[in-house]
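*Asks:* the following comprises the amino acid sequence and a computationally predicted model.
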Amino acid sequence: MHLLIQFISGLLSIVFLVPTAYAEGVPLASEWKGVTESSISPGTQGAVPTSVVAEIDMNRTSSAIVQIKGMDGTVVRSESVSGMYLVYEWDGTNQNGEIVSDGVYTFEYHITDGEETLIDTSLSVAVDTRGPSLTLLGENPLHIAYGSVWEDPGATTDGVRVETQGAVHTNQMATSTVTYTAIDAGGNITSAIREVVIDPIPVTVVISNQTHTYDGSPKSVTVNTNPEVDVAILYNGNAELPSEIGNYGVEVSVIEDGYQGTAEGSLAITASAGSGQSTQYTTTIRTEVEKYVVTVPQETGTTTVDSILQQMKRSPLDIEALQKALIQTGHLAIAAPTGVYGPLTQTAVRFYQLSHQLPETGFVDTDTLAAIENELVPDTDTILDQLQEILTSVEKVVAKVIST
């Protein structure tokens with residue numbers, strides 16, 4: 001018998017040709033056993049065959065029992081074929097049609113003519129379904145700057161090749177993915193995904209021109225950026241430019257796609273000499289006995305901080321007392337004093353001044369204070385509370401003096 005191994009249509013063929021010189025009834029010599037090794041990769045589309053075919057051309061009608069055994073001798077597949085031309089193809093699956101595990105399998109067949117054994121032979125077949133190695137070069141995820149040129153670091157494999165799929169757009173603030181697929185000769189694959197993150201370009205933001213003199217027109221700060229980009233500017237949280245005297249918080253944010261940067265500052269609009277406009281001062285005086293917080297206007301060139309302090313020292317009211325008084329006179333609509341000289345209290349003072357033919361400033365000057373004191377008749381509880389506060393403060397002073 002002659003042994004011929006060949007590829008037919010991409011499949012490994014093991015062909016046993018039996019010479020016709022052997023007459024029917026003459027047993028074939030048992031030493032004619034065809035044994036070879038091959039490799040298959042079931043379920044793939046590579047260069048390695050996905051199945052193995054055994055073909056034997058007999059000189060008489062014969063039958064064969066074919067068994068596929070694992071390395072431990074376990075039979076994973078058993079089939080029977082018959083005829084003068086015996087063909088069996090194994091696709092690397094077990095009796096249930098499932099692809100077997102990787103390893104070397106013995107392809108055994110026992111051929112008879114129904115009466116006697118003609119051939120016993122075997123064939124070893126290696127099954128390989130493992131994918132090749134795949135290593136991504138560079139970082140994953142990979143960060144690159146907005147607008148930069150995308151250069152794929154690539155990947156390595158012990159297989160035949162690596163294919164990539166996926167586009168990276170560096171002019172879009174989005175995360176892209178690139179899929180790498182390594183393929184070996186058997187068509188087995190290994191895949192990996194790389195994330196490509198587009199990072200915004202940092203921007204330096206500088207705020208200047210932050211002090212202006214009041215003239216009734218809107219004022220703004222000057223913003224310079226590096227690189228030069230579009231920004232949004234807010235003044236006390238609003239996009240509208242301020243025009244009134246005061247201090248305004250400034251927030252600058254970069255709004256151009258692909259860039260990032262912020263800055264905070266302030267804008268001051270001050271009164272000019274003789275303009276009749278006023279600048280607000282908030283001063284706190286702390287003594288051992290009493291605490292006053294009073295906000296008063298300053299006419300430029302006419303009022304100094306020293307005069308403010310003198311007024312506060314001789315004032316019998318703190319903010320809470322002022323608010324209590326305005327609540328009693330019906331000019332301040334709040335549930336209880338807050339101790340904060342805010343917009344509601346300032347408006348209440350304006351209302352009080354208007355109703356008493358006083359200059360409408362919104363701040364407690366000497367005339368306004370005198371009018372409030374003359375109008376109010378302190379109740380007993382208020383007097384007792386004030387006396388108790390004074391007594392407590394005095395006790396603290398005495399205790400401090402004694403301790404020193």
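*Replies:* Received the coordinates, thanks.
*Asks:* verify the stated contact: Ser51 with Tyr88.
*Replies:* No - at 10.3 Å, Ser51 does not count as touching Tyr88 under the criterion of CB atoms under 8 Å. To be clear about C-beta, it is placed using only N, CA and C from the backbone, and glycine gets the same treatment.
*Asks:* straight-line length of stretch 196-205, end to end?
*Replies:* End-to-end distance of stretch 196-205 (CA to CA, to the nearest Å): 28 Å.
*Asks:* and it, what's buried?
*Replies:* By 16 or more other CB atoms under 10 Å, the buried positions in stretch 196-205 come out as 196, 198, 200-201, 203, 205.
*Asks:* what's in contact with it?
*Replies:* Stretch 196-205 is contacted from outside by 141-147, 150, 168-170, 172-178, 223-227, 229, 231, 252, 254, 258-263, using CB atoms under 8 Å, 6 or more residues apart in numbering.
*Asks:* can you flag the buried ones in these?
*Replies:* When the contacts of stretch 196-205 are checked against 16+ other CB under 10 Å, the ones flagged as buried are 142, 144, 146, 168, 170, 176, 178, 223, 225, 229, 231, 252, 254, 258-259, 261, 263.
*Asks:* show me what Tyr180 is bridged to.
*Replies:* Thr164, Ala192 (DSSP bridges).
*Asks:* from Asp385, how far out is it?
*Replies:* For Tyr180, the distance to Asp385 equals 79 Å [CB to CB, to the nearest Å].
*Asks:* of the two, who's got more company?
*Replies:* Remark: of Tyr180 and Asp385, Tyr180 carries more neighbours, 23 against 12, as counted by other CB atoms under 10 Å.
*Asks:* wouldn't the more buried one be in contact with Gly166 here?
*Replies:* No - Tyr180 lies out of contact with Gly166 (CB under 8 Å); the separation is 9.1 Å.
*Asks:* which residues do these two both contact?
*Replies:* With CB under 8 Å, 6+ apart, Tyr180 and Gly166 have no common neighbours.
*Asks:* low-confidence ranges in the chain?
*Replies:* Within the chain, the ranges that satisfy pLDDT under 70 run 1-38, 54-60, 113-121, 272-317, 377-384, 386-387, 397-398, 401, 404.
*Asks:* go with 90
*Replies:* 1-73, 78-93, 97, 99-131, 159, 184-188, 214-216, 244-247, 269-404 (pLDDT under 90).
*Asks:* helices along that one, start to end?
*Replies:* 305-314, 319-328, 343-355, 366-375, 380-403 (DSSP state H).
*Asks:* buried residues, the fourth one. List them.
*Replies:* If you call a residue buried by 16+ other CB under 10 Å, then helix 366-375 has these buried ones: 368-369, 371-372.
*Asks:* got it, and stretch 97-112?
*Replies:* Neighbour-count burial for stretch 97-112 [16+ other CB under 10 Å]: 100, 105-111.
*Asks:* which residues does Phe107 bridge with?
*Replies:* Assigned bridge partners for Phe107, using DSSP bridges, are Ile68, Leu123.
*Asks:* is it correct that it is in contact with Val66?
*Replies:* Yes - using CB under 8 Å, Phe107 is in contact with Val66, at 7.3 Å.
*Asks:* domain map for the chain?
*Replies:* 2-127, 134-199, 204-270, 279-399 (automatic domain parsing).
*Asks:* residues contacting Glu264?
*Replies:* 207, 249-252.
*Asks:* now with 7 Å?
*Replies:* 250-251 (CB atoms under 7 Å, 6 or more residues apart in numbering).
*Asks:* quick check, Ile334 in contact with Gly342.
*Replies:* No - counting by CB atoms under 7 Å, Ile334 sits too far from Gly342 to count as a contact (9.9 Å).
*Asks:* check whether Ser191 really touches Val178, as I assumed.
*Replies:* No - between Ser191 and Val178 there is no contact under CB under 7 Å: 11.2 Å.
*Asks:* identify the contacts common to the two.
*Replies:* By CB under 7 Å, 6+ apart, no residue touches both Ser191 and Val178.
*Asks:* from the chain's centroid, how far away is stretch 97-116?
*Replies:* 56 Å (CA atoms, centre = their mean, to the nearest Å).
*Asks:* and stretch 75-85, what's buried?
*Replies:* Buried residues in stretch 75-85, counting neighbours by 16+ other CB under 10 Å, are found at 76-77, 81.
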